[in-house]
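Novice: Next comes the sequence, and after it the predicted model I'd like to discuss.
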Amino acid sequence: MVFVGSLDGHIRAYNAADGYVLWDFDTARTYKTLNGVAAHRRSINYAGPVVAGGIVYVTSGYSTNSGMPGNALLAFSVDGK
C-alpha cells in the first residue's frame with residue numbers, strides 16, 4: 001500500500017501492485033482539535049504521509065504554487081483511536 005497526498009486535499013491509499021485506489025479521504029473541512037484551536041484543511045504537498053505504529057500521519061495545508069493554506073495534522077488508524 002502506498003499513501004499519497006494531493007493538492008486538492010485528498011489523501012489516498014493505492015495498491016502498490018496495480019495502482020488501484022483502496023482508500024480516499026478528502027481533508028477539505030474544518031476540524032475540532034484536542035487543544036481547541038480550529039484546524040483548517042487544504043492542500044497536501046511536499047512532506048508525504050508518515051506511517052508509524054499502525055497510524056498514518058499527514059499534514060494538510062500548503063499555500064505555495066496555488067496550494068490551499070491550512071494548519072492541520074491528521075492521524076488515521078484502522079480502529080479510529
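Specialist: In hand now; what should we look at?

Novice: can you pull out the helices in the protein?
Specialist: Using DSSP state H, no helices are found in the chain.

Novice: Show the low-confidence segments of it, by residue range.
Specialist: Filtered on pLDDT under 70, the chain yields the residue ranges 39-47, 60-71, 80-81.

Novice: any chance you could map the strands in it?
Specialist: Using DSSP state E, the strands found in the chain span residues 2-5, 10-14, 21-26, 30-31, 39-40, 50-52, 55-60, 72-77.

Novice: My read is that Asp26 contacts Arg12, right?
Specialist: No: contact status for Asp26 versus Arg12: not in contact, 9.9 Å apart, counting by Cβ atoms under 8 Å. In this view, the C-beta of every residue, glycine as well, is placed from N, C-alpha and C.

Novice: Looking at those two now, which is surrounded by more residues?
Specialist: Shown here are Asp26 and Arg12; by other Cβ atoms under 10 Å, Arg12 has more neighbours (17 against 12).

Novice: and that one, what are its bridge partners?
Specialist: Taking DSSP bridges, one finds Val4, Asp24 as the beta-bridge partners of Arg12.

Novice: same thing with Leu73?
Specialist: Leu73 forms beta bridges with Thr59, as assigned by DSSP bridges.
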